[in-house]
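Asks: below are the sequence and a predicted model; questions follow.
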Number of protein chains: 2
Amino acid sequence: MANKTEVIAEPGKQELFIKREFDFPRDLVFRAHIDRDIYQKWVGPNDLKMTIDRWEPHAGGSFNFTHERGGHKYNFFGVYHEVLAPERIVGTFEFDGLPERGHVILGVTMFEELTGNRCRLVHQSVFRSVEDRDGMVMSGMERGVREGYEKLDVLLAGEGTAATAVPRG
Amino acid sequence: MANKTEVIAEPGKQELFIKREFDFPRDLVFRAHIDRDIYQKWVGPNDLKMTIDRWEPHAGGSFNFTHERGGHKYNFFGVYHEVLAPERIVGTFEFDGLPERGHVILGVTMFEELTGNRCRLVHQSVFRSVEDRDGMVMSGMERGVREGYEKLDVLLAGEGTAATAVPRG
């Protein structure tokens, strides 16, 4: 049975947490977050086409990618504050399709080692307001996150053995 | 009489606001936040020596500066998500003297035009937890912020006329 994706958004708080376990080693799951080719293959819901335009996964670098569905393009942009393999990625994140700019999110993704070559991902998103947070939850992000991790499971199952031989970072 | 610095930290919230008016035009106060030489002269409390090591005030750039007092050095690091002259600066901020890394802050500084060639600065800091926010407030940041803006007032009063002739951004 697949591991479950939990999205935890306590009422009235300007943050949310995403928790997901993987039946793969931490190094591999971390690497799927910084390797451009792998990341492009799994992030986002199933019905969107993902294109990465800029990809600099290191402290002080930035990223830019587009989700496309039925002729509509959704652009996402952010900067990396810290990329600490294989433990933590800290950065900003903004969706440019909102009515105004400036609704930036601080994102912290933590990768915890579990026994049996498994790992747990804990992501925290911190928003400028409870309204920003609620807007994100209402946008259907939970489905996109869940479907993305399901794609990642399939990818890692197929490429796992080869990819573990690649060094960190 | 000098303009008052307000630090607003509502109990139980993972954010704080800083509000301060200036008897100077918005362009000038914005510029004092992105010009390396000017920034180095005013940020922080009176009894610290400020040195900027890296200064890239544009989206995707990063910064690094040191505060020094009595042989102790305090290092601050962050990345810029958005630098929109003369309205808004969005970025991350971290103090490397804490017991562990990862306590990153999202900072949004907004510059509002007021009548009479005056302006209002509104800064929002968003923290990963209420504890992080309370720790910052307890660290004496309010004095540092207030003294910094007082230095900025003096600087702008001295250099104001010449600096207004310099174009934005």
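Replies: Thanks, I have the structure now.
Asks: is residue A:145 in a helix, a strand, or coil?
Replies: helix (DSSP: H, G, I helix; E, B strand; the rest coil).
Asks: next up, the contacts around it.
Replies: A:5, A:7, A:18 (CB atoms under 8 Å, 6 or more residues apart in numbering or on different chains). Where you see a C-beta, it was placed from the backbone N, CA and C, and this is true even at glycine.
Asks: buried stuff in stretch A:89-97?
Replies: Residues of stretch A:89-97 classed as buried: A:89, A:90, A:91, A:92, A:93, A:94, A:95 (neighbour count, 16 or more other CB atoms under 10 Å in any protein chain shown).
Asks: highest neighbour count among the contacts of residue A:145?
Replies: Sorting those by how many neighbours each has (other CB atoms under 10 Å in any protein chain shown) puts residue A:18 first, at 21 neighbours.
Asks: show me which parts of the host helix or strand of it are buried, residue by residue.
Replies: Counting by DSSP states H and E, the element that carries residue A:18 is strand A:15-22. Going by neighbour count (16+ other CB under 10 Å), the buried part of strand A:15-22 is A:15, A:16, A:18, A:19, A:20, A:21, A:22.
Asks: let me know the average pLDDT across that strand.
Replies: Averaging pLDDT along strand A:15-22 gives 98.
Asks: neighbouring strands - and their directions - for that strand?
Replies: Looking at strand A:15-22 with DSSP bridges, its partner strands are strand A:5-8 (antiparallel), strand A:118-126 (antiparallel).
Asks: the first one: how far from the chain's middle?
Replies: On the basis of CA atoms, centre = their mean, to the nearest Å, the separation between the geometric centre of strand A:5-8 and that of its chain is 13 Å.
Asks: which residues touch it?
Replies: The contact list for strand A:5-8, computed with CB under 8 Å, 6+ apart, reads A:16, A:17, A:18, A:19, A:20, A:137, A:141, A:142, A:145, A:146, A:149.
Asks: CA atoms only: put the helix or strand of chain A with the lowest mean pLDDT into CSV for me.
Replies: When each helix and strand of chain A is scored by mean pLDDT, DSSP states H and E, helix A:141-163 comes last, with a mean of 86. Extracted in CSV, the C-alpha atoms of helix A:141-163 (Å, rounded to 0.1, in the frame of the first residue of the first chain):
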residue,chain,number,x,y,z
MET,A,141,-2.8,21.9,-3.5
GLU,A,142,-3.3,18.7,-1.5
ARG,A,143,-4.2,16.7,-4.6
GLY,A,144,-1.2,18.1,-6.4
VAL,A,145,1.1,17.3,-3.6
ARG,A,146,-0.3,13.7,-3.2
GLU,A,147,-0.1,13.0,-6.9
GLY,A,148,3.4,14.4,-7.1
TYR,A,149,4.7,12.0,-4.4
GLU,A,150,2.9,9.1,-6.1
LYS,A,151,4.8,9.9,-9.3
LEU,A,152,8.0,10.2,-7.3
ASP,A,153,7.4,6.7,-5.8
VAL,A,154,7.0,5.2,-9.3
LEU,A,155,10.1,7.1,-10.5
LEU,A,156,12.3,5.9,-7.6
ALA,A,157,11.1,2.4,-7.9
GLY,A,158,12.2,2.3,-11.5
GLU,A,159,15.5,4.2,-11.1
GLY,A,160,16.3,3.5,-7.5
THR,A,161,19.1,1.0,-7.8
ALA,A,162,21.0,3.0,-10.4
ALA,A,163,20.5,6.3,-8.7
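Asks: so which of the buried residues of stretch A:89-97 belong to strands?
Replies: The strands, defined by DSSP state E, take in A:89, A:90, A:91, A:92, A:93, A:94, A:95 from the buried residues of stretch A:89-97.
Asks: now stretch A:74-85: buried residues?
Replies: Neighbour counts using 16+ other CB under 10 Å place A:76, A:77, A:78, A:79, A:80, A:81, A:82, A:83, A:85 of stretch A:74-85 among the buried residues.
Asks: which one of these is nearest to residue A:110?
Replies: Closest approach between the buried residues of stretch A:74-85 and residue A:110, by CB to CB: residue A:82, at 11.2 Å.
Asks: contacts only, for the residue nearest to the closest one when sequence neighbours are not counted.
Replies: Excluding its sequence neighbours, the residue lying closest to residue A:82 (CB to CB, 6 or more residues apart in numbering or on different chains) is residue A:90, at 4.2 Å. By CB under 8 Å, 6+ apart, the contact set of residue A:90 is A:80, A:81, A:82, A:83, A:106, A:107, A:108, A:109, B:92, B:102, B:104.
Asks: good, we can wrap up now.
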